[in-house]
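[1] Sequence first, then the predicted structure, then my questions.
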Amino acid sequence: MKRSIISACLALLAVTLNAADARTDQAATGKFEAGKGTFLLDGQPYIVKAAELHYPRIPRPYWDQRIKMCKALGMNTICLYVFWNAHESEPDKFDFTGQNDLREFVRLCQANDMKVILRPGPYVCAEWEMGGLPWWLLKNKDICLREDDPYFMDRVDRFQQAVATQVGDLTIDKGGPIIMVQVENEYGSYGINKPYVALIRDMLRKNFGEDVTLFQCDWASNFTDNGLDDLIWTMNFGTGADIDQQFSRLKELRPDSPLMCSEYWSGWFDKWGGAHETRPADQMIAGLDEMLSKGISFSLYMTHGGTNWGHWAGANSPGYAPDVTSYDYDAPISESGQTTPKYWELRKTLAKYMDGRKQAKVPATIKPISIPAFDFTEVAPLFSNLSDPKSNTDIKTMEEYDQGFGSILYRTTLPELPSGALLTVNEAHDFAQIFVDGKYIGKLDRRNGEKELMIPASKKGAQLDILVEAMGRINFGRAIKDFKGITDNVTLTVKDDGHTWVNNLKNWQVYNIPDEYDAYVSFGEFFPLGTFSAGDDGRLPRGVYRGTFNIKGKPSDTFLDMSNWGKGLVYVNGHPIGRFWEIGPQQTLYMPGCWLRKGENEILVFDIVGPRKATIQGLDKHLLNELRLPGQLHRSEGDSLCISMLTPDLSSPMPEGNGWKEFRMPTPKQGRYAYLSFCTMNDPKRKISISEIQLTDSSDKPIPCDTWRIIYADSEDTNGNHTADKLIDLQESTYWSSTGQNAYRQTVVFDLGSKREINGLRILPRMEPAAPEAPDSINLHVDDKLHISNTPSRQ
Ligand code: GLA
């Protein structure tokens with residue numbers, strides 16, 4: 001009885017508090033809409049100056065400081081994605097607490113007098129695992145992602161409802177800070193499907209009400225493909241782009257539309273094995289200045305990038321290019337929340353557009369500390385601590401074992417093998433290490449399209465182990481349906497007495513090694529590190545390393561120097577800190593001080609390759625640009641291209657100006673290799689730059705380039721990362737650039753994977769005004785032969 005009176009009182013109190021909450025909100029209701037040539041806030045012209053921030057990428061105790069830093073720049077809005085997979089790690093198990101407390105983040109924006117643009121996907125791209133989609137969708141193998149697939153749409157609907165439960169009452173018409181909500185994300189880079197985009201629009205209307213302003217964003221080159229008549233259209237483009245050109249088509253179609261660049265890219269993201277990306281501050285600022293002087297709204301993506309904690313970094317495609325842990329993005333506010341020269345320059349420029357108001361004060365930033373080197377004392381070696389296996393005749397993916405992240409070991413026995421047997425793994429996603437009877441044989445790195453490996457002569461019954469580590473799922477393009485582990489099969493090809501036989505390996509024992517703190521902490525038996533000495537390769541065993549380090553004074557931010565370690569993941573005091581990989585460019589991991597404590601701190605490192613020394617130190621600066629690879633050039637020493645005797649199948653002057661240029665071959669031609677030459681007539685020292693190329697088929701449609709490889713490029717400018725892969729990365733804002741060496745002609749050779757019929761070519765010059773560094777003319781030759789000879793270097 002007593003208890004029911006208490007609960008009734010508590011319920012009444014809750015209702016009263018909620019009502020009070022609602023009343024405060026109601027007092028400040030407003031209206032945000034598209035007016036003639038401008039947005040209107042409560043009927044007055046309003047330029048959106050938005051800073052893009054992603055709350056799960058920032059430690060929660062720092063949210064307020066980061067929002068204040070954006071405000072101090074002179075921004076008036078925070079633009080944010082909602083990452084579905086961070087909120088629903090298992091179907092129907094929603095988490096909006098801690099790092100995931102979307103409502104609290106939106107409230108903090110409001111408390112700082114910042115408006116909010118909400119981008120709830122369901123797909124977001126964002127260099128985030130699978131573009132924000134939960135991996136468990138793939139347990140339904142035949143699912144069609146981002147399409148009107150009943151299962152997909154049902155799951156999207158539940159997620160969107162959950163988001164609305166959190167922030168549906170925080171739209172501006174209800175007194176909250178949310179002025180606009182985005183429908184899907186750059187659908188034009190995925191396909192053409194207005195009915196699907198319309199279904200997402202309807203869901204948002206159902207959840208957020210009829211009064212909320214909805215918009216969709218795309219690129220200037222494709223926004224009409226999926227543009228719905230009743231939505232606002234905004235454009236995404238990067239630093240340096242020709243702004244008038246970017247809006248010219250929109251202005252033609254909708255002369256009265258407010259103009260907004262909904263993602264103006266301040267920098268770019270980094271991939272493992274590629275140089276750190278930067279974009280010049282002056283170009284970024286000139287673009288923003290130009291937009292503001294023309295009354296164009298923008299969101300600066302990213303104003304502060306933050307971190308892909310744990311296993312959340314995604315991967316780019318075509319091909320497979322996993323993103324690093326840092327999402328620094330060369331943004332004005334660094335990954336660890338420091339001001340940068342870009343920040344101060346930008347603040348100066350935005351000061352001109354404050355309508356007489358003063359910019360807010362820049363909040364104090366955190367001073368990073370260094371932590372003296374500390375040694376790990378114990379390790380639980382991977383191979384001696386495997387859990388119970390599951391048995392399967394055929395290969396199954398990680399998802400089929402109900403595992404989303406981490407590593408997976410496939411074990412079987414080999415038939416008797418002569419030397420020269422070829423092991424083919426179709427396909428290992430993403431980094432496989434092969435062992436025979438416990439001896440390491442080699443690796444297959446998906447980044448390089450590696451699938452085959454020679455294995456030594458073996459006795460019947462020898463044990464084959466394939467240890468596969470999953471990295472981020474692809475977040476861009478059609479390849480987002482990215483299964484992990486081994487996706488198809490494993491075969492052995494043996495040539496014996498003139499016969500070739502192919503054996504599809506069966507009867508697998510499978511060991512799941514999920515990426516979870518609890519799994520690592522109780523990984524099995526930990527041994528003192530002194531028990532082990534380094535192997536012939538100089539490495540200590542693969543496995544989980546456990547250690548502690550002490551912080552004497554007040555904890556503060558630091559950068560964990562992982563340069564002694566191989567490849568894996570780090571946890572500190574139970575927090576997932578992120579992936580490391582010795583190849584770089586990132587060598588340190590950002591360790592926020594708010595997750596450290598005075599005195600003893602626990603650290604776990606799972607290294608699937610093995611460290612050279614089990615030691616870590618905390619640095620007071622970040623090492624984001626230390627590549628430890630021979631280089632990223634698409635040309636090996638001694639490569640020589642022999643095409644001067646070949647007659648081009650297409651030869652044309654290059655038309656001037658921005659935008660896609662189209663070329664048709666006089667007659668279609670078949671072949672596996674495309675030799676594309678860009679010529680400069682008069683100046684051999686002139687650089688040549690191109691943003692994208694496409695080869696077209698007989699119906700003038702671009703041939704998908706997912707499986708193409710660039711096998712040769714005369715020259716590539718690695719300063720600023722303008723390597724030849726940028727020609728087919730499907731990103732219009734990035735570009736390949738030659739080094740400007742002594743050459744009238746620059747050739748790039750594409751391996752299309754198989755013979756294709758080519759009908760034409762499309763070329764997109766750089767997006768900057770007047771398309772700088774465009775070639776004068778182009779030649780295309782297609783054939784089945786590889787005209788590259790390799791003279792081994794003399795050393
Ligand atoms: C697109 C996407 C973003 C992000 C950027 C590149 O604009 O919409 O999510 O992936 O590219 O950083």
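    Sure thing, it's come through.
[2] Any idea which residue of the stretch 451-600 of the chain lies closest to the ligand?
    F476 (6.5 Å; CB to the nearest ligand atom). To be clear about C-beta, it is placed using only N, CA and C from the backbone, and glycine gets the same treatment.
[3] just the stretch 51-200 of the chain next, same as before
    Closest point on the stretch 51-200 of the chain to the ligand, by CB to the nearest ligand atom, is C125, at 3.4 Å.
[4] N564: how many residues sit nearby?
    Applying other CB atoms under 10 Å, we find 17 other residues in the vicinity of N564.
[5] pretty sure the residue of the stretch 51-200 of the chain closest to the ligand is touching G131, no?
    Yes. Between C125 and G131 there is a contact under CB atoms under 8 Å: 4.9 Å.
[6] In terms of neighbours, single out the busier of the two.
    Per other CB under 10 Å, whichever of C125 and G131 has more neighbours is G131, with 29 against 21.
[7] what's the distance between that one and G121?
    8 Å (CB to CB, to the nearest Å).
[8] Overlap of the contact sets of those two?
    N185 (CB atoms under 8 Å, 6 or more residues apart in numbering).
[9] What about D282, how many residues nearby?
    As a burial measure, D282 scores 12 neighbours (other CB under 10 Å).
[10] What residues does it make contact with?
    So D282 contacts E345 (CB under 8 Å, 6+ apart).
[11] Using the three-state scheme, assign it.
    The local conformation at D282, judged by DSSP: H, G, I helix; E, B strand; the rest coil, is helix.
[12] Just give me the neighbour total for the residue nearest to R756 when sequence neighbours are not counted.
    Setting aside the residues directly before and after it, R756 is nearest to I703 in space (CB to CB, 6 or more residues apart in numbering), at 5.9 Å. When neighbours are defined as other CB under 10 Å, I703 has 15 of them.
[13] give me every residue that touches I703.
    Applying CB under 8 Å, 6+ apart, we find I703 in contact with Q694, L695, T696, D697, L752, R756, I758.
[14] got a pLDDT number for A28?
    pLDDT for A28: 76.
[15] near the ligand, anything from stretch 228-240?
    Yes. Using CB under 6 Å from any ligand atom, stretch 228-240 reaches the ligand at N236.
[16] give me phi/psi at the nearest residue to S257 once chain neighbours are set aside?
    Closest residue to S257 apart from its sequence neighbours, by CB to CB, 6+ apart: L250 at 6.2 Å. Phi and psi for L250, reported as degrees, to the nearest 10, are phi -60, psi -40.
[17] How many residues are close by L250?
    Using other CB under 10 Å: L250 sits among 19 other residues.
[18] Please apply the same query to S715.
    21.
[19] dump the residue contacts of it.
    With contacts defined as CB under 8 Å, 6+ apart, S715 is in contact with R635, S738, T739, Q741, A743, Q746.
[20] Now do the shared contacts for C125 and G131.
    Joint contacts of C125 and G131 (CB under 8 Å, 6+ apart) are N185, N475, F476.
[21] Now pLDDT and distance to D218 too, for those residues, in CSV please.
    Below are these laid out as CSV (pLDDT from 0 to 100; distance: CB to CB, whole Å):
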residue, pLDDT, distance to D218
N185, 98, 9
N475, 98, 17
F476, 97, 14
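[22] Please identify which of these is nearest to V197.
    In terms of CB to CB, no member of the shared contacts of C125 and G131 lies closer to V197 than N185, at 10.3 Å.
[23] and D256, what does it touch?
    K36, G37.
[24] May I ask which helix or strand encompasses it?
    In the assignment (DSSP states H and E), D256 maps to no helix and no strand.
[25] is it true that A51 touches G74?
    No. Using CB under 8 Å, A51 makes no contact with G74, being 9.6 Å away.
[26] out of the two, which sits in the busier spot?
    Shown here are A51 and G74; by other CB under 10 Å, A51 has more neighbours (30 against 22).
[27] Now that one: which helix or strand?
    Residue-wise, A51 maps onto strand 49-52 under DSSP H and E.
[28] Which part of the stretch 501-650 of the chain gets nearest to the ligand, residue-wise?
    Counting by CB to the nearest ligand atom, the stretch 501-650 of the chain gets nearest to the ligand through L624 (16.1 Å).
[29] what number of residues lie near that residue?
    Neighbours of L624 (other CB under 10 Å): 22.
[30] That one against Y590, yeah?
    No. Counting by CB under 8 Å, Y590 is not a contact partner of L624; they are 9.7 Å apart.
[31] which parts of the protein sit against the ligand?
    So the chain meets the ligand at V124, C125, A126, E127, N185, E186, N236, E263, W265, F269 (CB under 6 Å from any ligand atom).
[32] Please repeat the previous calculation with a cut-off of 5 Å.
    The interface of the chain toward the ligand, taken as CB under 5 Å from any ligand atom, is made up of C125, A126, E186, N236, E263.
[33] wouldn't the third one be in contact with D218 here?
    Yes. With contact defined as CB under 8 Å, E186 reaches D218; the gap is 5.4 Å.
[34] pLDDT weak spots in the chain?
    The chain contains residues with pLDDT under 70 at 1-27, 630-631, 791-795.
[35] can you rerun that using 80?
    For the chain, the stretches with pLDDT under 80 are 1-28, 497, 630-632, 720, 790-795.
[36] okay, which residue is most central for it?
    Centroid check for the chain by CA atoms, centre = their mean gives E127 as the closest residue, at 2.1 Å.
[37] how close does the residue of the stretch 451-600 of the chain closest to the ligand get to Y320?
    Relative to Y320, and taking CB to CB, F476 is found at 11 Å.
[38] Equivalent analysis for S738, please.
    26 Å.
[39] Of these two, which one has the most company?
    Ranked by neighbour count (other CB under 10 Å), S738 and Y320 place S738 first, with 25 against 22.
[40] Quick check, the more buried one in contact with I688.
    Yes. Assessed by CB under 8 Å, S738 is found in contact with I688 at 4.7 Å.
[41] Which neighbours do these two have in common?
    The contact lists of S738 and I688 share F678, Q746, where a contact means CB under 8 Å, 6+ apart.
[42] Surely K342 is within a helix?
    Yes. K342 sits within a helix when classified using three-state DSSP.
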